[in-house]
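Peer 1: Pasting the sequence and the predicted model now:
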2 protein chains.
Amino acid sequence: MFRNGMPRYEILSGDAMATLDGGWRRLVSEIGVEFGNERALELFRQAGQKVEDDVVRFDPDFLLEQVAKAPRSFDIQARNPANTVHIGDDAMAFGAVYGPPFVREGEVRRDASMADFENFTKLSQSFSVLDSAGGIICEPENTPLDSRHLDMTFALQTLTDKIYMGNVVSGVNAADTIAMTEILFGGRETIEKTPATISLINCNSPLRWDERMLESQIAYSEANQAVVITPFILMGAMSPVTIPAALTQQIAEALTGIALSQLIRPGCPVVFGSFLSNIDMQSGSPCFGTPESAVGLLCTGQIARHFGLPVRSGGGMTSSQTTDAQAGYESLMTLMPTFLAGINWVMHSAGWLEGGLVAGYEKFVVDCQLLEMLQQEFTPLEIDEASLAFDAHDEVRHGGHFLGAAHTMERFRTCFYRPFLNSSDNYDRWMRNGAKDTSARAGDVARKKLDEYEPPPLDDAIRQELSEYVTRRRRELGD
Amino acid sequence: MFRNGMPRYEILSGDAMATLDGGWRRLVSEIGVEFGNERALELFRQAGQKVEDDVVRFDPDFLLEQVAKAPRSFDIQARNPANTVHIGDDAMAFGAVYGPPFVREGEVRRDASMADFENFTKLSQSFSVLDSAGGIICEPENTPLDSRHLDMTFALQTLTDKIYMGNVVSGVNAADTIAMTEILFGGRETIEKTPATISLINCNSPLRWDERMLESQIAYSEANQAVVITPFILMGAMSPVTIPAALTQQIAEALTGIALSQLIRPGCPVVFGSFLSNIDMQSGSPCFGTPESAVGLLCTGQIARHFGLPVRSGGGMTSSQTTDAQAGYESLMTLMPTFLAGINWVMHSAGWLEGGLVAGYEKFVVDCQLLEMLQQEFTPLEIDEASLAFDAHDEVRHGGHFLGAAHTMERFRTCFYRPFLNSSDNYDRWMRNGAKDTSARAGDVARKKLDEYEPPPLDDAIRQELSEYVTRRRRELGD
């Protein structure tokens, strides 16, 4: 997997960090955080925190004590051990878009189906730059709501041999995910030893954790499965309009959620999550790839490191409706800071369009291209005497060219990263090849990848057991 | 003008810098650099450097002594003093694309004309994010070659009141530019006191400075006009295929060119230039927005600061044929490192398409959008107690929204940067508005800006004098 050996780009001074530190401490102790779950409230009460109705007011140092129990980094095992992922340190893992109800393929925008879900899962398997298909890569709107999580989990388990995310719609769904994971990995003990799922727990920002998310969080943390505790902030709507206010709120929400996991099972794997952008204050629309979101992202990486926690943020996010120039630059406007900040778990890495409402086939391919370029860019240069190629200069001298130099001939196949999507064809050649823009070429790549897809091998008995579990549970859920 | 108050992203260790330092010293002393101009050779000979035929072998410390005479920063005056530009320190100045023989407007790609040149000059005047139209914003192919520089300079002087670049096709053209600049600014003395042009002197890399460029450089440096001494390197063709080798070559070329300017007129303004990307080793095509070019750019900023020189690099560069996703992300793949590296003079900031062969109307607008977003992003956050908006949290509390909060109402007009091109419209609204992609919207913006363009005021007598100069010189040049 990718390790980011380049320096972190940190923009918060010591004074700024101290001001933010004062800010979250005041928020958690004076305003407090609401938890819509009795067990959570009881755990905090027992731990000596002030609980009134659903609101918990915290001793900030108690939160830090809990947070200190969390591991700085951990592994998520994949059924193919080569695809096991490290979360934390200088590792960066990439998962596809999560949550869109719609898909876009060329000029067509339509409801997502289970066939789309399977296609995107196959694409995630095919692109080596991705570590995971994620979880709800799109909402398969043609499957029954109550049992959909079974179909999605089955697809993620069988069509890929990479890590996958757990369903969080309810505690029941979480339990199903865990049960199916036990089947795939050979029992509870092995997945408690090394977590095999990572799940997204979103805050109902500002400062409220909802019942169903908490049920899922509790189920996963009890099973030692990783949870990504994520303040969900579109500044102007779910937080004040200033970035520092959003950052302090984000810390307050993340640390309180993480503290809960550590009370449930000390030492269980957690990630400091961030979903941070802003709305357009005229229209109320969410905006992505904004300067404010990029600045927030850079700060978030630094803040999570300050607390000794792995961090989730970033991705290839855009408001654009199609895979056009805006989609390209807004996505990179988030992905570049994602690398600069050394984000460990990058959701929404591929396929995101239209503010997350749409999973795009062409966009998926574009984002994989961007990830490859950035992984190359964030691989440290080796600078030593040999790299200076003095002999090549001695051979070519003044005003010549290096195309045929011995140094070039030895290295020309691998010396530069070669993109699979970008065109540097001259105009005549590009015209002869159909004058296809990037989106059209990306569509071609997606179709070819799907044609060439081969499922990773899976033991028949395990597949059978998973299939039987899905059938039985679907019946029990009345679908 | 824009000041980049964010930290520099530096990726070269002390050891790496020392290795590069050894590299350029060996290049200039053992291989040497070729100068196709007798006066240059004579100046170096007089200064005690080893000259054999056209090749000068340098004492590296002599070069550093010359470089130390150059100013760390300087101003370029504009005829509207509000548009005077600072080159160096944390200032970043942006000029439009330079050199394309073709233009693209929508689906049409055609030879550039003088009308296009004027249009792009007007657009450069209209977008406040640009500090300059640059110089050869496109090659007006419908004007006579020998006198074209007069028409271009006249357009730059009259259609904008921003700084402009000098023509460098020959010493004659440079002299014409200087003469016209004397007319516009009221005499030689005022432009010698504060330079009023900045000109691009390209190396015929590797390690050769050509006659006509040197004639121009000498003319400009004698007149105390700024020159941007620029190694022109597509790695694999004009340099070895390794980035460190390209960097040492770049240092050798830049420092020797700069030393020449300092011998001509000690203390004259110079810029450490860089044009650094790579070719596709299969096709030989130049590639832009590559990981290698981004890494080279980050290193270049750090290297120029190491020598105490202002630095030119970066821009919105792409190989893409149209203003599509690739154009968006490749341009940002160069522009983002441009800001991270704190580049002082950013050529090719707007309009570049197809590897620099095409100036694109839509692309011009897209790039101005990117520059605005990046300027916002690279403006330091203010983090103080007030920015934490505790009162807003106290008002909204848990699970509410901040849309109507007092803190929001006070700030909603200015709290977030508002893009002029990006769409965050919901799907229905976007469809109702014609389902225009970014390129189509950018074309609308360009046409509107041209419709609304108003020329900046200019004294009639000066305009008359410039016009007469052009007419007389055109006649003398036989056109």
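Peer 2: Right, received. Where do you want to start? Numbering: from 1, shown residues only, chains lettered A, B, ... in the order given.
Peer 1: Tell me who's in contact with the closest residue to chain B within the stretch 251-400 of chain A.
Peer 2: Of all residues in the stretch 251-400 of chain A, A:G328 sits closest to chain B, with a separation of 3.1 Å (C-beta to the nearest C-beta). Yep, even glycine has a C-beta here, placed from its N, CA and C like the rest. By C-beta atoms under 8 Å, 6 or more residues apart in numbering or on different chains, the contact list for A:G328 reads A:V366, A:T438, B:D324, B:A325, B:Q326, B:A327, B:G328, B:Y329, B:L332.
Peer 1: give the contact list for the first one.
Peer 2: Read that as A:V366. For A:V366, the set of contacting residues under the criterion of C-beta under 8 Å, 6+ apart consists of A:G316, A:T323, A:A327, A:G328, A:S331, A:L421, A:T438, A:S439, A:A442, B:A325, B:Y329.
Peer 1: what element comes up after the helix or strand encompassing it heading to the C-terminus?
Peer 2: When elements are defined using DSSP states H and E, A:V366 is found to belong to helix A:361-377. Moving toward the C-terminus from helix A:361-377, the next helix or strand (DSSP H and E) is helix A:390-396.
Peer 1: can you list the residues of the stretch 51-200 of chain A near chain B?
Peer 2: Within the stretch 51-200 of chain A, the residues that sit near chain B (C-beta under 8 Å from any C-beta of the partner chain) are A:D54, A:V55, A:R109.
Peer 1: Just the buried subset of the residues you listed, please.
Peer 2: Burial by neighbour count, judged by 16 or more other C-beta atoms under 10 Å in any protein chain shown, picks out A:D54, A:V55, A:R109 from those.
Peer 1: Over to the second one: give its phi and psi.
Peer 2: Backbone torsions of A:V55, given as degrees, to the nearest 10, read phi -100, psi 130.
Peer 1: Isn't it up against A:E30?
Peer 2: No. When contacts are counted by C-beta atoms under 8 Å, A:V55 is not listed as touching A:E30 (11.0 Å).
Peer 1: Could you double-check that A:F35 sits in contact with A:F44?
Peer 2: Yes. With contacts counted by C-beta under 8 Å, A:F35 reaches A:F44, the gap being 7.2 Å.
Peer 1: quick one, which of these two is more surrounded?
Peer 2: A:F35 (25 against 22; other C-beta atoms under 10 Å in any protein chain shown).
Peer 1: The residue of the stretch 251-400 of chain A closest to chain B belongs to a helix?
Peer 2: Yes. Remark: A:G328 belongs to a helix, assigned using DSSP: H, G, I helix; E, B strand; the rest coil.
Peer 1: nearest residue to it other than its sequence neighbours?
Peer 2: Excluding its sequence neighbours, the residue lying closest to A:G328 (C-beta to C-beta, 6 or more residues apart in numbering or on different chains) is B:G328, at 3.1 Å.
Peer 1: Phi first, then psi, for the spatially most central residue of chain A.
Peer 2: Taking C-alpha atoms, centre = their mean, the centroid of chain A lies closest to A:M347, which sits 1.4 Å from it. A:M347 has phi and psi values of phi -80, psi 170 when expressed as degrees, to the nearest 10.
Peer 1: Would you mind giving me the confidence score for it?
Peer 2: Per-residue confidence for A:M347 comes out at a pLDDT of 98.
Peer 1: same deal with the one 10 residues further on?
Peer 2: Note on A:L357: pLDDT of 98.
Peer 1: For it, give its distance to B:F94.
Peer 2: Remark: distance between A:L357 and B:F94 (C-beta to C-beta, to the nearest Å) = 34 Å.
Peer 1: and those two? which has more neighbours close in?
Peer 2: When neighbours are counted by other C-beta under 10 Å, B:F94 comes out ahead of the other of A:L357 and B:F94, with 31 against 18.
Peer 1: Pull the contacting residues for the more buried one.
Peer 2: B:F2, B:V129, B:L130, B:D131, B:S132, B:V346, B:S349, B:A350, B:L371.
Peer 1: nearest residue to the last one other than its sequence neighbours?
Peer 2: The shortest distance from B:L371 to any non-neighbouring residue, by C-beta to C-beta, 6+ apart, is to B:V129 (4.5 Å).
Peer 1: Pull the contacting residues for the residue nearest to the centre of chain A.
Peer 2: With contacts defined as C-beta under 8 Å, 6+ apart, A:M347 is in contact with A:G95, A:V97, A:Y98, A:G134, A:L200, A:V228, A:R312, A:G314, A:G315.
Peer 1: hang on, the fifth one packs against A:G273?
Peer 2: Yes. At 7.3 Å, A:L200 counts as touching A:G273 under the criterion of C-beta under 8 Å.
Peer 1: No further queries at this time; thank you.
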